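Asker: Build me a model:
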Amino acid sequence: MDFSNSLLSWYLQNKRDLPWRNTVNPYPIWLSEIMLQQTKVAQGLPYFFTFIEAFPTILDLAKADEEQVLKLWQGLGYYSRARNMHKTAQIIAFELKGNFPNNYNDLIKLKGVGEYTAAAIASFAFNEVVPVVDGNVFRVLSRYLDIETDIASASAKKEFSALAKELMPENNPALFNQAIMEFGALQCVPKNPDCTNCIFNTSCAALQKKKVTELPVKLKKTRVTNRYFNYLVFLDNLNKTIINKRTEKGIWHNLYEFPVIEAEEELDFETISEAISEKYIDFSIDSIVVYNPEQIIHKLSHQKLHINFYRVAVTEEILEGVSLDILKNYPFPIVIYNFIEKYSI
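Answerer: Reported below is the predicted structural model:
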């Protein structure tokens with residue numbers, strides 16, 4: 001158990017003081033774990049405080065309007081997390097009478113809770129002996145034990161979970177899980193780890209074999225799709241515009257956006273102007289001007305968005321339009337919100 005003892009000792013000396021570590025209440029633990037999926041702690045921490053202030057209990061979150069939840073989530077990305085989190089809060093508050101599932105097998109049945117998140121909540125809140133396996137754990141164990149299994153393969157999670165459970169002290173699974181993840185986040189980092197000052201520099205197999213930069217092995221490459229969004233900011237003389245809610249499945253579900261012309265390639269100004277005139281024949285268009293001189297690139301996990309915004313001035317009043325004064329009250333994807341801020345729309 002030298003690995004575990006050394007790891008726990010390192011953790012107690014080096015751990016970050018994070019609010020969800022000072023409690024066994026499953027609500028803030030669950031909230032933090034959902035927020036930190038695909039998100040670094042530094043980015044997620046302000047959102048955690050915002051949500052805890054707005055929704056101190058799971059009942060408060062359950063009773064909230066989805067648009068309020070999405071608005072507070074704005075900028076954190078992966079918005080399906082927020083929608084699933086809201087639905088799960090309603091299930092726990094109203095169907096389970098506020099009682100959080102207290103074991104891995106029940107937790108994993110919740111919407112938006114996968115193997116890692118269920119294990120994290122089960123161990124941190126209820127001290128269940130179940131290992132967590134995230135990117136940090138993959139990295140630490142693959143290097144320490146010199147494991148060349150492709151971590152993107154179907155069998156990897158099971159293999160690393162079994163290894164972590166062997167190393168885990170049964171009397172303190174929560175501390176071990178926190179420690180191994182923290183070690184991966186702070187010490188055994190993906191690039192240029194400080195192996196000279198590592199507690200395992202005499203026992204790490206990858207360091208002895210000069211393979212630190214080669215591990216963990218991840219062979220499957222994510223295919224990135226390019227998409228071209230041309231947003232149309234219609235404006236009338238009363239400073240009203242048009243926004244639509246994205247109701248189709250896919251990115252930004254239930255967030256708002258301006259009318260959009262999506263294309264398979266970049267369109268020039270003339271082509272866009274013609275498309276606007278043909279598509280919006282009910283409007284008398286006064287002028288069309290491009291807002292951003294350079295195309296905005298917005299990268300998602302599997303998509304690269306190429307975005308342009310066009311100001312489309314119209315002569316008649318936009319019926320049922322939205323006043324620019326209240327535009328910021330709506331939940332937008334962060335790239336659109338930033339545009340509204342920058343150009344004082």
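Asker: Give me the contacts around stretch 318-329.
Answerer: Residues from elsewhere that reach stretch 318-329 (Cβ atoms under 8 Å, 6 or more residues apart in numbering): 71, 234-236, 238-243, 330, 337, 340, 345. Every residue, glycine included, has its C-beta placed from N, CA and C.
Asker: Any of those residues buried? List them.
Answerer: Buried by 16 or more other Cβ atoms under 10 Å: 71, 234-236, 240-243, 330, 337, 340, 345, out of the contacts of stretch 318-329.
Asker: Now for those residues: which two are most distant?
Answerer: 71 and 236 (25.3 Å; Cβ to Cβ).
Asker: Distance check, the closest residue to residue 204 other than its chain neighbours against residue 216.
Answerer: Closest residue to residue 204 apart from its sequence neighbours, by Cβ to Cβ, 6 or more residues apart in numbering: residue 144 at 5.2 Å. Distance, residue 144 to residue 216, by Cβ to Cβ, to the nearest Å: 11 Å.
Asker: how about the residue nearest to residue 204, secondary structure?
Answerer: Following DSSP: H, G, I helix; E, B strand; the rest coil, residue 144 is assigned to helix.
Asker: Same check on residue 170?
Answerer: Note that with three-state DSSP, the state of residue 170 is coil.
Asker: give the contact list for it.
Answerer: residue 129.
Asker: and the gap between it and residue 123?
Answerer: From residue 170 to residue 123 the distance is 11 Å (Cβ to Cβ).
Asker: just to revisit the earlier point, please tell me I have it right and the residue nearest to residue 204 contacts residue 205.
Answerer: Yes: using Cβ atoms under 8 Å, residue 144 is in contact with residue 205, at 6.4 Å.
Asker: Neighbour count: these two, which is higher?
Answerer: residue 144 (23 against 16; other Cβ atoms under 10 Å).
Asker: can you pull the contacts of the more buried one?
Answerer: Residue 144 sits next to 3, 200, 203-206 when contact means Cβ under 8 Å, 6+ apart.
Asker: What strand or helix carries residue 88?
Answerer: helix 80-90 (DSSP states H and E).
Asker: I'd like the average pLDDT over stretch 277-287.
Answerer: Mean pLDDT, computed over stretch 277-287, is 94.
Asker: now stretch 157-174
Answerer: pLDDT averaged over stretch 157-174 gives 96.
Asker: And for stretch 228-235?
Answerer: Computed over stretch 228-235, the mean pLDDT rounds to 98.
Asker: which residues sit against that stretch?
Answerer: 241-242, 257-267, 272, 275-276, 280, 283, 291, 305-314, 318, 321, 324, 336, 339, 345.
Asker: One more pass at 7 Å, please.
Answerer: Contacts with stretch 228-235, where a contact means Cβ atoms under 7 Å, 6 or more residues apart in numbering, come from 241-242, 257-267, 272, 276, 305-314, 318, 345.
Asker: So how do I select the buried members of the residues you listed in PyMOL?
Answerer: Here is the PyMOL command that selects the buried residues among these (16+ other Cβ under 10 Å):
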select buried, resi 241+242+257+258+259+260+261+267+272+276+305+306+307+308+309+310+311+312+313+314+318+345
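Asker: quick check, residue 61 in a helix?
Answerer: Yes: assessed by three-state DSSP, residue 61 belongs to a helix.
Asker: just the helices in the stretch 51-200 of the chain please.
Answerer: 58-63, 66-73, 80-90, 104-107, 115-126, 135-145, 156-167, 173-186 (DSSP state H, counting those that start in this stretch).
Asker: I am finished for the moment; much appreciated.
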